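Asks: 3D, please:
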Amino acid sequence: MTLIVAAVALPRDVTAVVFVTAMVLMLLIVRDDKRRHGMFVSGYQRGRTVWIVAAIIVLNLSALVIVLTQFEDPTDDPWFWVTLSTVALGTSGLSWIWERVYRADVRQGRL
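Replies: Here you go, the predicted structure:
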């Protein structure tokens, strides 16, 4: 997710490379999950995790809006890097919470 936010601030010739890299990394994650666990759980489901997914989406969209509207030369502005770090740490933390809630739901037969 952080790569996608960063890509919009980079020069146009680099943007496509970063987007493609993000997509390839996602495909590798899905493939690895299927190989190791026999399935890939996307996170888009009803239940208690929907609010966590919504928070991840809001965090990413907010960062995209900030990067697109508040920075003239993003890569030279330290606040751009703070924004990217916030997205990276925030989405990682929310993903960790999502996994804990999902596993608890599976153990308790809620899914």
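Asks: since we're on residue 9, how many residues are nearby?
Replies: Each residue near residue 9 was counted by other C-beta atoms under 10 Å, and the total is 20. Backbone N, C-alpha and C define where each C-beta goes, glycine included.
Asks: could you say which helix or strand contains residue 79?
Replies: According to DSSP states H and E, residue 79 maps onto helix 78-107.
Asks: For the protein, which residues score under the pLDDT cut-off?
Replies: The chain contains residues with pLDDT under 70 at 43-44.
Asks: Can you mark which positions in stretch 37-50 are buried?
Replies: residue 49 (16 or more other C-beta atoms under 10 Å).
Asks: what does that stretch rub up against?
Replies: 29-30, 33-34, 53, 98, 101-102, 105, 110-111 (C-beta atoms under 8 Å, 6 or more residues apart in numbering).
Asks: Quick check: the gap between the closest residue to residue 77 other than its chain neighbours and residue 57.
Replies: Nearest residue to residue 77 in three dimensions, chain neighbours excluded: residue 71, at 5.2 Å (C-beta to C-beta, 6 or more residues apart in numbering). Shown here: residue 71 relative to residue 57, a distance of 21 Å by C-beta to C-beta, to the nearest Å.
Asks: Neighbour count for the two, which is higher?
Replies: residue 71 (16 against 13).
Asks: Relative to residue 42, how far out is that one?
Replies: Relative to residue 42, residue 71 is positioned 31 Å away (C-beta to C-beta).
Asks: Kindly report the same for residue 103.
Replies: To residue 42, residue 103 is 15 Å away according to C-beta to C-beta.
Asks: in the chain, which spans are helices?
Replies: Using DSSP state H, the helices assigned to the chain run over residues 2-7, 12-37, 50-70, 78-107.
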